[in-house]
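*Asks:* Predicted structure and sequence below. I'll ask about it afterward.
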Amino acid sequence: MTVRELLFQTLSSDSELGGLGFLAENVYANGGMDSPPVSGDVWVTLNWGEEVPALSGQRGRTRTTLRPVTFWFYSRQRDYGVINAAIKRTMDLMETLVQVPTGDGVVTCTEWQADGPDGYDDIYSAVFRTSAYMIIANGD
């Protein structure tokens, strides 16, 4: 399992996030659709940044890398309470990923970077907030 697959599986199978409406069919990552469906009240998109070496001189598949990921939580209900609860739960889940095996390696660290301001997406007619992390891992 890759880091991307691990993160997708963790979010999409969590019962607390599911209770907030974030289910496997509306967690977009790791080969998911590019855009959410027209219907649906809430969804989250995982936006992966550039993967870069954590230590100079490392080569091959098992090198340690920094992997930035930003969660974009949306609500057509225009309810930041649901979004804020999802961000809080995601923070708890990210801490559980440390030392979880992935591919040929392991997640070493998940560091919270920042939560974004309240926003409104006029294309989807939904409010949103972001939450950014840096994942340090080796393997796939």
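*Replies:* Ah, there it is.
*Asks:* In its sheet, which strands sit next to the helix or strand of the chain with the lowest mean pLDDT, and in what direction?
*Replies:* Every helix and strand in the chain was compared by mean pLDDT, DSSP states H and E; the lowest is strand 52-53, with a mean of 82. Here strand 52-53 has these sheet partners by DSSP bridges: strand 64-75 (antiparallel).
*Asks:* what comes into contact with the least confident helix or strand of the chain?
*Replies:* 63, 64, 65, 66 (C-beta atoms under 8 Å, 6 or more residues apart in numbering). Just so you know, the C-beta spots here come from the backbone N, C-alpha and C atoms, and that holds for glycine as well.
*Asks:* List the residues that contact the last one.
*Replies:* So the one you mean is residue 66. So residue 66 contacts 51, 52, 53, 54, 134, 135, 136 (C-beta under 8 Å, 6+ apart).
*Asks:* Tell me, how many residues neighbour the closest residue in space to residue 28 that isn't next to it in sequence?
*Replies:* Spatially, and ignoring its direct neighbours in sequence, residue 28 is nearest to residue 45 (4.4 Å; C-beta to C-beta, 6 or more residues apart in numbering). By other C-beta atoms under 10 Å, 20 other residues sit near residue 45.
*Asks:* go on, residue 93?
*Replies:* 16.
*Asks:* Sketch out the low-pLDDT regions of this structure for me.
*Replies:* For the chain, applying pLDDT under 70 flags the ranges 30-39, 56-62.
*Asks:* With distance to residue 8 as new columns, can the contacts of strand 52-53 be given to me in JSON lines?
*Replies:* Formatted as JSON lines, these follow (distance: C-beta to C-beta, whole Å):
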{"residue": "63", "distance to residue 8": "22"}
{"residue": "64", "distance to residue 8": "21"}
{"residue": "65", "distance to residue 8": "18"}
{"residue": "66", "distance to residue 8": "19"}
